[in-house]
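[1] Sequence and predicted structure, then a few things I'm wondering about:
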Amino acid sequence: MSDPIMFSDLALSEPVMRAIQKVGYEQPSPIQAAAIPVLLAGGDILGMAQTGTGKTAAFALPLLSRIDTKQAEPQILVLAPTRELAIQVAEAFQKYASEIPGFHVLPIYGGQDMTSQLRSLKRGAHVVVGTPGRVMDHLRRGSLNLNNLKALVLDEADEMLRMGFIDDVEWILEHTPKTRQTALFSATMPKEIRHVCNNYLNNATEIKIASTQSTDANIEQVYWMVSGTNKLDALTRILEVEPFDGMIIFVRTKTATVELAEKLEARGYSASALNGDMNQQLRERAIERLKTGKLDIVIATDVAARGIDVERVSHVVNYDIPYDSEAYVHRIGRTGRAGRSGKAILFVAPREKRLLYTIEKATKKPITLMELPSGATVTKHRIDQFTQQITDTLAAQSDLSFFNDLLAEYSHKNDVSPEQIASALAYLLQRERPLQVKFTDVKPERERSSRDDRGGRDRDDRGGRDGGRDRGSREDRPRRERNDENMDRYRIEVGRNHEARPGDIVGAIANEAGIESRFIGHIKLHDEFSTVDLPTGISKDALAKLKKVRVRNRPLEISLDTGPRGGDDFSRKPKRDFGPRDGAPREGGRDKPRFGERDGKKTSFRPKKSD
Ligand code: AMP
């Protein structure tokens, strides 16, 4: 592999460099390495990148490097499809600007109290991150002044298109200074986005991070969809039952290597961090200890683990998903060395699933869904270890007569059987690490879905089937195979005669009621009203809010659809359409009880002395 580009090669400003140091990023991700120099030089960018590739920092770091905090009016505007993303991006700016004194970023989105938004805008912000509808609102009111705007970022442009915001986006583009710098990021490139690029980007540098990589056949690849339990609990559960020899766990930041190593050590594993902050000697020592078996787990960043060749590494865990397929291939290539077989486990958060598909596609190898070990499996494992210890102790200790006498006397005196005594002792031994384990997992919908489902989503995401539709895309969308029990049909009092379009409706509902667009189902426009399918169980509060939301200047007056009414132009209640578009997992609680907090090392059951 050629020498990697480091942050110090990129001419970012001092305060931004300090912030990077603080958050512990070791190396720019590929999209960052490619985009930062262009944006620093004032050029436009068309970045084809998905969530998880580090695209936010790819535009935030260079734009922040050029910010002038003395100028109070907004210098950077980021348009994002949803309020969740707007908040996330604003938080990222805050994080990367932590060393810039007096810096202000302001997220503005629908559903937020207008008065406080107006007040914040008045106070001034260097960066504004907003959803298109709300930004337009403020521009019209004159409460957002973009005369001094230096840069405009369109984040997840294809998602904005899918949500019907593309006209709004173009309107905003028209209302910003022509001299502005523009960066557009999109996971897919439907023709409408291409059109925006051609019309509004100036000699843009195209950055596409995709490559085909091959992975070794002797490496079994699985993924776990992060849900229902946190990553650390999932990892400890896996560590407990996976028969591993040596393991490398990959995380994204130097700080995370240290934190995770400490947590695993506290749980009884012999683990150590391996990162670029450690000097060469320390790094070599850690690898040597891994080689000789003095250390079982190394928690590493990509840079630090480059080229590690340790035969006993039987497992690679991608605790944080890599930025791209190339990094993935390098990571998992640390196992399956010298013709041995290896296993690669990948943790994928729901919002990173596109990256999973990209990796799978690029490596041309299936990565199969794994279930976390169940309570019964962990229990069985612990019992096996426990009974093995009894067998080993009986075999190794030739003279147990002292204990025999002690217990015989106890049995006689107290009139209890040897079995009862043994049970009490066994109970005492396992108290801090109970043999019987029970988890209360929340099974996410996504785990129940089939690979076909993934294929279908895949096509959507790439703009082949659904992606790239225009505002009318939701209307009369072909019915899908999804079960429709999860959706209720609502009636809203805006229709064709009011010039409402599905995109307006999706945008209003998504931003004002906080329902992600992917959960918004079929929309049917009628002359005087429309119907829209929404997930069941929407709160009364959200509905009350939605009633007042305006589309084409008319309140939605949303109500549960009860079928035809006088004068309505529809006479049937069509079958409900499809459920949540990609089966996002439900919120899950932590596992109870916590286990493994005071584990012995993986192969031996060692009750811990009090610490
Ligand atoms: P994004 O693709 O912008 O959603 O970023 C995905 C995640 O990667 C975020 O949690 C970032 O904090 C993290 N991240 C971005 N750049 C880097 C980097 N250079 N090193 C480590 N983590 C990063």
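    Sure thing, it's come through.

[2] gap between the closest residue to residue 208 other than its chain neighbours and residue 293?
    Leaving aside its sequence neighbours, residue 208 sits nearest to residue 48 (C-beta to C-beta, 6 or more residues apart in numbering; 4.4 Å). Heads up, the C-betas are built off the backbone N, CA and C, glycines and all. Per C-beta to C-beta, to the nearest Å, residue 48 is found 44 Å from residue 293.

[3] what domains does the record give for the protein?
    Domains of the chain are assigned by automatic domain parsing as 7-208, 219-374, 376-430, 484-605.

[4] pLDDT averaged over the second one, what's the number?
    Think domain 219-374. The predicted model gives domain 219-374 an average pLDDT of 90.

[5] now check that domain, is it near the ligand?
    Yes. Domain 219-374 is in contact with the ligand by C-beta under 6 Å from any ligand atom, via 252, 253.

[6] Do me a favour and get the end-to-end distance for that domain?
    24 Å (C-alpha to C-alpha, to the nearest Å).

[7] roughly how far out does the longest helix anywhere in the chain sit from the chain middle?
    Across the chain, the longest stretch assigned as helix under DSSP state H is helix 375-396. Per C-alpha atoms, centre = their mean, to the nearest Å, the displacement of helix 375-396 from the mean C-alpha position of its chain is 37 Å.

[8] Please save the CA atoms from it in PDB.
    This file holds the C-alpha atoms of helix 375-396, laid out as PDB (Å, rounded to 0.1, in the frame of the first residue of the first chain):
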ATOM      1  CA  GLY A 375     -28.400 -16.600  26.700                       C
ATOM      2  CA  ALA A 376     -28.700 -20.400  26.400                       C
ATOM      3  CA  THR A 377     -25.600 -20.600  24.300                       C
ATOM      4  CA  VAL A 378     -23.600 -18.500  26.700                       C
ATOM      5  CA  THR A 379     -25.000 -20.500  29.600                       C
ATOM      6  CA  LYS A 380     -23.900 -23.800  28.000                       C
ATOM      7  CA  HIS A 381     -20.500 -22.400  27.300                       C
ATOM      8  CA  ARG A 382     -20.100 -21.300  30.900                       C
ATOM      9  CA  ILE A 383     -21.300 -24.700  32.200                       C
ATOM     10  CA  ASP A 384     -18.800 -26.500  30.000                       C
ATOM     11  CA  GLN A 385     -16.000 -24.300  31.200                       C
ATOM     12  CA  PHE A 386     -17.000 -24.800  34.800                       C
ATOM     13  CA  THR A 387     -17.300 -28.600  34.700                       C
ATOM     14  CA  GLN A 388     -14.000 -28.700  32.800                       C
ATOM     15  CA  GLN A 389     -12.400 -26.900  35.700                       C
ATOM     16  CA  ILE A 390     -13.700 -29.500  38.100                       C
ATOM     17  CA  THR A 391     -12.400 -32.300  36.000                       C
ATOM     18  CA  ASP A 392      -9.000 -30.500  35.600                       C
ATOM     19  CA  THR A 393      -8.700 -29.800  39.300                       C
ATOM     20  CA  LEU A 394      -9.500 -33.400  40.200                       C
ATOM     21  CA  ALA A 395      -6.900 -34.600  37.700                       C
ATOM     22  CA  ALA A 396      -4.200 -32.200  38.700                       C
END
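
[9] Going by contacts, tell me the helices and strands next to that helix.
    Packing contacts for helix 375-396, counted by 3 or more C-beta pairs under 8 Å, 6 or more residues apart in numbering; DSSP states H and E, involve helix 231-241, helix 418-430.

[10] most neighbours per residue, which of those?
    helix 231-241 (a mean of 20; mean count of other C-beta atoms under 10 Å).

[11] Please name every helix or strand in contact with the following helix or strand past it.
    Heading C-terminal from helix 231-241, the first helix or strand you meet, by DSSP states H and E, is strand 246-250. Contact partners of strand 246-250 among helices and strands, from 3+ C-beta pairs under 8 Å, 6+ apart: strand 297-300, helix 302-305, strand 313-318.

[12] Of all these, which one is nearest residue 224?
    strand 313-318 (9.6 Å; C-beta to C-beta).

[13] CA atoms of the helix or strand following that closest one as CSV?
    Counting by DSSP H and E, the next helix or strand C-terminal to strand 313-318 is helix 325-332. What follows is helix 325-332, C-alpha atoms only, in CSV (Å, rounded to 0.1, in the frame of the first residue of the first chain):
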residue,chain,number,x,y,z
SER,A,325,-14.2,-1.7,0.8
GLU,A,326,-10.4,-1.2,0.4
ALA,A,327,-10.0,-0.6,4.1
TYR,A,328,-12.3,-3.6,4.8
VAL,A,329,-10.1,-5.9,2.7
HIS,A,330,-7.0,-4.7,4.4
ARG,A,331,-8.5,-5.2,7.8
ILE,A,332,-9.8,-8.7,7.3
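
[14] what does the protein put close to the ligand?
    Close to the ligand, as judged by C-beta under 6 Å from any ligand atom, the chain has residues 25, 28-29, 32, 51-57, 252-253.

[15] Adding neighbour count and distance to residue 236 as columns, could you present these in a markdown table?
    Listed next are the residues of the chain next to the ligand as a markdown table, based on neighbours: other C-beta atoms under 10 Å; distance: C-beta to C-beta, whole Å:
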| residue | neighbour count | distance to residue 236 |
| --- | --- | --- |
| 25 | 21 | 26 |
| 28 | 24 | 31 |
| 29 | 23 | 28 |
| 32 | 29 | 32 |
| 51 | 20 | 27 |
| 52 | 22 | 24 |
| 53 | 26 | 28 |
| 54 | 21 | 27 |
| 55 | 28 | 31 |
| 56 | 25 | 30 |
| 57 | 25 | 30 |
| 252 | 22 | 20 |
| 253 | 15 | 20 |
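
[16] and these, which of them are in strands?
    Assigned to strands by DSSP state E, none of the residues of the chain next to the ligand qualify.

[17] Relative to residue 349, which of these is nearest.
    Closest to residue 349, out of all of the residues of the chain next to the ligand and judged by C-beta to C-beta, is residue 52, at 8.0 Å.

[18] So that closest one sits against residue 318, correct?
    No. If you go by C-beta atoms under 8 Å, residue 52 and residue 318 don't touch, sitting 11.5 Å apart.

[19] hang on, the earlier thing: of residue 48 and residue 293, who's got more company?
    residue 48 (20 against 11; other C-beta atoms under 10 Å).

[20] Report the beta-bridge partners for the more buried one.
    Taking DSSP bridges as the rule, residue 48 bridges to residue 186, residue 208.

[21] Flag the shaky bits of this protein, pLDDT-wise.
    Applying pLDDT under 70 to the chain flags residues 1-2, 210-217, 338-339, 440-486, 513-514, 516-518, 563-611.

[22] Now do the contacts for residue 200.
    For residue 200, the contact set (C-beta atoms under 8 Å, 6 or more residues apart in numbering) comprises 170, 173, 182.

[23] any chance of the residues you listed in CSV, plus distance to residue 73?
    Converted to CSV, these look like this (distance: C-beta to C-beta, whole Å):
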residue, distance to residue 73
170, 23
173, 18
182, 18
